[in-house]
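Participant: With the input below, show me the fold.
(2 chains)
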There are 2 protein chains.
Amino acid sequence: MMNCKSELLNNLVEKFKSLPGVGEKAAWKMAFHILNLPKDVVADFANVVVQAAQKIKKCEVCGNFTEDDLCYLCVDDTRDKTVVCVVQNMKDLLAFERTNGYCGVYHVLGGLLSPMDDIGPEDIGISKLLKRIKDSEISEVIMATGPTVEGEATAAYVSRLLKPVGIRVTRLAYGLPVGSSLEYTDDITLRAALTGRLDI
Amino acid sequence: MMNCKSELLNNLVEKFKSLPGVGEKAAWKMAFHILNLPKDVVADFANVVVQAAQKIKKCEVCGNFTEDDLCYLCVDDTRDKTVVCVVQNMKDLLAFERTNGYCGVYHVLGGLLSPMDDIGPEDIGISKLLKRIKDSEISEVIMATGPTVEGEATAAYVSRLLKPVGIRVTRLAYGLPVGSSLEYTDDITLRAALTGRLDI
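Facilitator: Residues are numbered from 1 along each chain as shown, chains lettered A, B, ... in the order given. Next up is the predicted model:
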């Protein structure tokens, strides 16, 4: 822990340390970087941070970050509004968009069910998802919440609620990553690949 | 490279990427962190950044970062003003302060001589250092610019200018790091330790 006797500089370092993945040394590096920048560049930096926090909100329909009431995916008429892909966060949404292989819409939960961390259905807006599904013409819900304990639990929970309503609920396929080697694949993935085998 | 079609969000990510040591993934993580924070916390973050850039300047005497005209070390009457330790930057100054073993004052260059990067004596304010030394009662200049090519070159350059004026110029001792193992010490350090041997 360094102390430079300038409260403002120490404060600046503390602010950078509050960012995810930034430790003591990196925070000092960032602070010195800021002090060596022209004042207008720093003002621009701070302005973008404030503007982003003020203007970027969650899409009223799907929860994706957007500057308007509805995100660009929800207002896009070429997207199939009857298929909803449920993801944990916007990063996962962007990952699907990068594949260029999905033309439905999304629902961003903002988290996963995790009793250990005291995160229940209300914390991730499950009721908002159910309301959306009941209010619109949706034929399939893809639970793309990831192959972790929390991801599986969230998928199972939503599926249990939607099955009785007669909506098709699917999850992503588990199996071998494309280009991987059988030899180094872990046992659970290999078993999943075997169980999920397809006719060729 | 991700693209979320929100210009403001992409801009926010770009700003974070401009910080030292922050790549694409870390910048997105920081951006989402900011979007999930309460607005007043973000405003406070931005405010500290702007305030720091506006109010923190370089000490008129030694070049250390300070909120006043002179830094806390230069106004401290208990420090020996006749011994000046020349360092590359404020980080190195803070490293010496942490040792609690130095009671002279400092001169922060803000860089090192490096013809490869087109950094000459004027870029690191050598003339300001010479003026300071000529204008005040200084008996010893410690060149603590580090055991690198640039550090040595800077030390040699300043020493060549000061020797004729009759001022004692010293450099840090090279040798074994305390607590290190002889076996794993590199050859150059070991030779330096041998050359710089002291009577016991």
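
Participant: State which helix of chain A is the longest.
Facilitator: helix A:39-55 (DSSP state H).

Participant: ok and it relative to helix B:39-55, angle-wise?
Facilitator: 170 degrees (axes from the mean of the first three to the mean of the last three C-alpha atoms, to 10 degrees).

Participant: Tell me the strands beside the helix or strand that helix A:39-55 is followed by, with direction?
Facilitator: The element immediately downstream of helix A:39-55 (helix or strand, assigned by DSSP states H and E) is strand A:57-58. Strand pairing for strand A:57-58, determined by DSSP bridges: strand A:65-66 (antiparallel).

Participant: what's the average pLDDT for the partner strand?
Facilitator: Here strand A:65-66 scores 92 as its mean pLDDT.

Participant: re earlier: is the longest helix of chain A up against chain B anywhere?
Facilitator: Yes. Helix A:39-55 is in contact with chain B by C-beta under 8 Å from any C-beta of the partner chain, via A:39, A:42-55. C-betas here are computed from N, CA, C, even on glycine.

Participant: how far does that helix sit from the chain's center?
Facilitator: 24 Å (C-alpha atoms, centre = their mean, to the nearest Å).

Participant: how about the strands in chain A?
Facilitator: A:57-58, A:65-66, A:80-87, A:104-108, A:140-143, A:168-171 (DSSP state E).

Participant: could you check the angle strand A:80-87 makes with the fourth one?
Facilitator: Computed with the same axes, to 10 degrees, the direction of strand A:104-108 lies at 40 degrees from that of strand A:80-87.

Participant: quick one: average pLDDT of strand A:104-108?
Facilitator: Strand A:104-108 shows a mean pLDDT of 95.

Participant: ok, it: who's next to it in the sheet?
Facilitator: Assessed with DSSP bridges, strand A:104-108 is paired to strand A:80-87 (parallel).

Participant: and if you look at the last one?
Facilitator: In the sheet containing strand A:168-171, the strands it pairs with under DSSP bridges are strand A:140-143 (parallel).

Participant: re the thing from before, so which of the strands of chain A is nearest residue B:149?
Facilitator: Closest to residue B:149 of those, according to C-beta to C-beta: strand A:65-66, at 47.5 Å.

Participant: domain assignment for chain A?
Facilitator: A:8-55, A:68-199 (automatic domain parsing).

Participant: mind listing what the most centrally placed residue in chain A touches?
Facilitator: Centroid-nearest residue in chain A: residue A:89, 1.4 Å away (criterion: C-alpha atoms, centre = their mean). Taking C-beta atoms under 8 Å, 6 or more residues apart in numbering or on different chains, we find residue A:89 in contact with A:108, A:109, A:110, A:111, B:32.

Participant: among those, which ones are buried?
Facilitator: With burial judged by 16 or more other C-beta atoms under 10 Å in any protein chain shown, the buried subset of the contacts of residue A:89 is A:108, A:109, A:111, B:32.

Participant: quick one: which of these is nearest to residue B:190?
Facilitator: For the buried ones among the contacts of residue A:89, the nearest to residue B:190 is residue B:32 (49.5 Å; C-beta to C-beta).

Participant: and the gap between that closest one and residue A:94?
Facilitator: As for residue B:32, its distance to residue A:94 is 11 Å (criterion: C-beta to C-beta, to the nearest Å).

Participant: same check, this time on residue A:129
Facilitator: 19 Å.

Participant: How about residue A:87?
Facilitator: Residue A:87 is 9 Å from residue A:94, by C-beta to C-beta.

Participant: tally of neighbours for residue A:160?
Facilitator: A count of nearby residues for residue A:160, using other C-beta atoms under 10 Å in any protein chain shown, gives 10.

Participant: if I pick it, what's in contact with it?
Facilitator: Contacts for residue A:160 (C-beta under 8 Å, 6+ apart) come out as none.

Participant: Over to the one 10 residues further on?
Facilitator: With contacts defined as C-beta under 8 Å, 6+ apart, the neighbours of residue A:170 are A:140, A:141, A:142, A:143.

Participant: List only buried entries from these.
Facilitator: The neighbour-count test (16+ other C-beta under 10 Å) marks A:141, A:142, A:143 as buried among those.
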